[in-house]
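A.B. asks: The following comprises the amino acid sequence and a computationally predicted model.
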Amino acid sequence: MSRARPIGGGGLRPAALQMRYLEAAELPRLLAGDRLLAAFGFGAGAPRLDDPRWLRVPLQPLGGGTAPVEAWISQAPVRHGRDAGLAWASDGQLLFGALELEEGGDGIHATAQRAYARIRAFLAASPCPHLLRMWNYLDAITEGEGDAERYRQFCVGRAAGLGIGAGDGDCRLPAATAIGRCDGRRVLQVYWLAAREPGLAVENPRQLSAYRYPRQYGPQPPSFARAMLPAGAGLPLLISGTAAIVGHASLHPGRVQAQVDETLANLQALVDAARVHAPGLPPALGAGSLLKVYVRQASDAAAVAERLARQLPPALPRLLLHAQVCRRELLVEIDGLHGLPA
Ligand code: 3EB
């Protein structure tokens, strides 16, 4: 299958999106125009703007310098609005959405279930019903023991909200990230990219598919694909949160640089797997990629940055963020994009 397969449905043009980090000074121009699908600020210093295309991600940038803004820029005019607290923007081919729910007294399971049921209902009525990529940020992700751990309870609620049953396996799961915020606010933030056309899920041959994780990791295996190849050639490979997991086991406990190396090996394996379907993708991470690097301990930021600098081309944009990975022994997780148009 080539990436340039013709688009079906009612699409007038293939979906295409520029996705990049840019200087905050560029933001006003983008917000004033009609091509911005979404823009993200990071951490406590991010501006507060009342615009459905603008999202403050509650993770603090690490490593000094001025925090960039992430922008998703469409080639077609974008409409946007809010629907009972759910923010959306769409160019007709792609849809950005965001939902933030306070955890009431009923906990993360119920909050995740409510969030995902709401998103599912919204998408079912949308011209862009196919989830490609989701990001989930929740507080105290590894709090609680055994099956009561909040990440495991999040997984139960997410699957229930999505309407996934026990034996549903990989039925159209999006690529995803689920990671812990460090600011102590019990607010679940979910944002996503959906499309008019379904994407092609890609799994990693070095890792057991997360939706097949054995029982020891919780009552509900996590509902995500390792990566998603959108239809058409105008979007990059969307890579899920990836850590030093091989098979289903965490490797290199306590060794952050070894975890970075293992994670990069996983990312390379995903790129290799995606290139079977999209041979035009660059063979390695580089200038056409973009990474978000989630670091558990702020004190590890320099070691992580140093290891990345050693292993990756300097032209590869990367943003280090302070976040709690969902397994206690994992010190770093990386997600990103690969095959951005030059
Ligand atoms: C892992 O590979 C690490 O629950 O949505 C990565 C990406 C992880 C997404 C999710 C979890 C999720 O299992 C954790």
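C.D. replies: Yep, that arrived.
A.B. asks: count of neighbours near residue 316?
C.D. replies: 19 (other C-beta atoms under 10 Å). The way it works is simple: take the backbone N, C-alpha and C, and place the C-beta from them, glycine included.
A.B. asks: Residue 94 too?
C.D. replies: In terms of burial, residue 94 registers 26 neighbours under the definition other C-beta under 10 Å.
A.B. asks: quick one, helices of the protein?
C.D. replies: Assigned by DSSP state H, the chain shows helices spanning 27-32, 107-124, 150-162, 256-277, 301-311.
A.B. asks: for the ligand, what are the nearby residues on the stretch 201-342 of the chain?
C.D. replies: Proximity of the stretch 201-342 of the chain to the ligand, by C-beta under 6 Å from any ligand atom, involves residues 210, 222, 224, 240, 241, 243, 245, 326.
A.B. asks: isn't the third one right up against residue 211?
C.D. replies: This means residue 224. Yes. Using C-beta atoms under 8 Å, residue 224 is in contact with residue 211, at 7.3 Å.
A.B. asks: Skipping its backbone neighbours, what lies nearest residue 98 in space?
C.D. replies: The shortest distance from residue 98 to any non-neighbouring residue, by C-beta to C-beta, 6 or more residues apart in numbering, is to residue 191 (4.0 Å).
A.B. asks: Over to residue 88?
C.D. replies: Spatial nearest neighbour of residue 88, chain neighbours left out: residue 97 (4.7 Å); criterion: C-beta to C-beta, 6+ apart.
A.B. asks: Tell me the spacing between that neighbour and residue 21.
C.D. replies: Note on residue 97: its distance to residue 21, by C-beta to C-beta, to the nearest Å, is 21 Å.
A.B. asks: Name the residue in those two with the higher neighbour count.
C.D. replies: Ranked by neighbour count (other C-beta under 10 Å), residue 97 and residue 21 place residue 97 first, with 24 against 16.
A.B. asks: Just to check, that one is in contact with residue 192?
C.D. replies: Yes. Counting by C-beta under 8 Å, residue 97 does reach residue 192; the two are 5.3 Å apart.
A.B. asks: what's the overlap in contacts for those two?
C.D. replies: Taking C-beta atoms under 8 Å, 6 or more residues apart in numbering as the contact rule, residue 97 and residue 192 both touch residue 119.
A.B. asks: returning to what we had before: and the pLDDT for the residue nearest to residue 98?
C.D. replies: pLDDT, residue 191: 98.
A.B. asks: Tell me how many other residues surround it.
C.D. replies: Close neighbours of residue 191, defined as other C-beta under 10 Å, add up to 20.
A.B. asks: who does it bridge with?
C.D. replies: Judged by DSSP bridges, the bridge partners of residue 191 are residue 98, residue 135.
A.B. asks: is it true that it touches residue 119?
C.D. replies: No. Between residue 191 and residue 119 there is no contact under C-beta under 8 Å: 9.8 Å.
A.B. asks: list the residues that contact both of those two?
C.D. replies: Overlap of the contact sets of residue 191 and residue 119 (by C-beta under 8 Å, 6+ apart) consists of 97, 99.
A.B. asks: From residue 240, how far off is the closest residue in space to residue 311 that isn't next to it in sequence?
C.D. replies: Leaving aside its chain neighbours, residue 311 sits nearest to residue 264 (5.6 Å; criterion: C-beta to C-beta, 6+ apart). Look at residue 264 and residue 240: by C-beta to C-beta, they are 15 Å apart.
A.B. asks: Compare the two (neighbour count), which wins?
C.D. replies: Set side by side, residue 264 and residue 240 show more neighbours around residue 240, with 28 against 19, by other C-beta under 10 Å.
A.B. asks: Could you report the neighbour count for the residue nearest to residue 152 when sequence neighbours are not counted?
C.D. replies: Distances taken as C-beta to C-beta, 6+ apart place residue 218 nearest to residue 152, at 3.5 Å, with adjacent residues excluded. Using other C-beta under 10 Å, residue 218 is surrounded by 19 other residues.
A.B. asks: cool, and residue 234?
C.D. replies: For residue 234, the neighbour count with other C-beta under 10 Å is 18.
A.B. asks: Then the one 4 residues further on?
C.D. replies: Residue 238 has 26 neighbouring residues, counting by other C-beta under 10 Å.
A.B. asks: Pull the contacting residues for residue 109.
C.D. replies: 153, 154, 156, 157.
A.B. asks: what bits of this structure have low per-residue confidence?
C.D. replies: Scanning the chain with the threshold set as pLDDT under 70 gives 1-12, 166-171.
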